[in-house]
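In: next one to model:
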Amino acid sequence: MASPHDYARLLILKASADFTAFQVLLSNDNVADEIIGFHAQQVIEKSLKAVLSLNSIIYRKTHDLTELTDLLSDNGIEFPLSLENAIELTPFAVEFRYDFLPPETGNVSRMERPELREIVSSILEWA
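Out: All right, here's what the predicted structure looks like:
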């Protein structure tokens, strides 16, 4: 069985791979927001789980960024304020992978891609 440190390292490597895909896709205006949102969510989810693992905090299998953030908070682990803006990416893990963005969200201004890049990047660097 891998140590918490080894598992955290694996999660960071996986998050970094998703970040690479995210960056490549982000620069292409033809890529749907759902695809970009999925990779952004995955970077953040794996980053949070890496920090939780490193601190030997048990978490359930979930894609819920709010739940993971609450675990950090409950255990006194400070995180970037940008994480609060990233919580809205949770539906991209599953719901929007198999459905389109709801009409009321429009294209979320192309998800404000430069801002999204900054948020995702800062969370990965923090982890």
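In: ok, Ala8 touching Ser47?
Out: No: Ala8 lies out of contact with Ser47 (Cβ atoms under 8 Å); the separation is 10.0 Å. All C-beta spots, glycine's among them, are computed from the backbone N, C-alpha and C.
In: tell me which helix or strand of the protein sits lowest on mean pLDDT?
Out: Least confident helix or strand, the chain: helix 108-111 with a mean of 48, by mean pLDDT, DSSP states H and E.
In: past that helix, which element shows up next along the chain?
Out: Counting by DSSP states H and E, the next helix or strand C-terminal to helix 108-111 is helix 113-126.
In: how about that following helix: buried residues?
Out: Residues of helix 113-126 classed as buried: Arg113, Leu116, Arg117, Ile119, Val120, Ser122, Ile123, Leu124 (neighbour count, 16 or more other Cβ atoms under 10 Å).
In: my read: the fifth one touches Thr20, true?
Out: Spelled out, it's Val120. No: taking Cβ under 8 Å as the definition, Val120 is not a contact partner of Thr20, at 11.5 Å.
In: how about the residue most central in space within the chain, secondary structure?
Out: The residue lying closest to the centre of the chain (Cα atoms, centre = their mean) is Ile44, at 2.1 Å. Ile44 falls in the helix class when you classify it by DSSP: H, G, I helix; E, B strand; the rest coil.
In: change the start of the numbering to 29 and stick with it
Out: Renumbered: residue one is now 29, and that last one reads Ile72.
In: my read is that it contacts Leu111, right?
Out: Yes: using Cβ under 8 Å, Ile72 is in contact with Leu111, at 7.4 Å.
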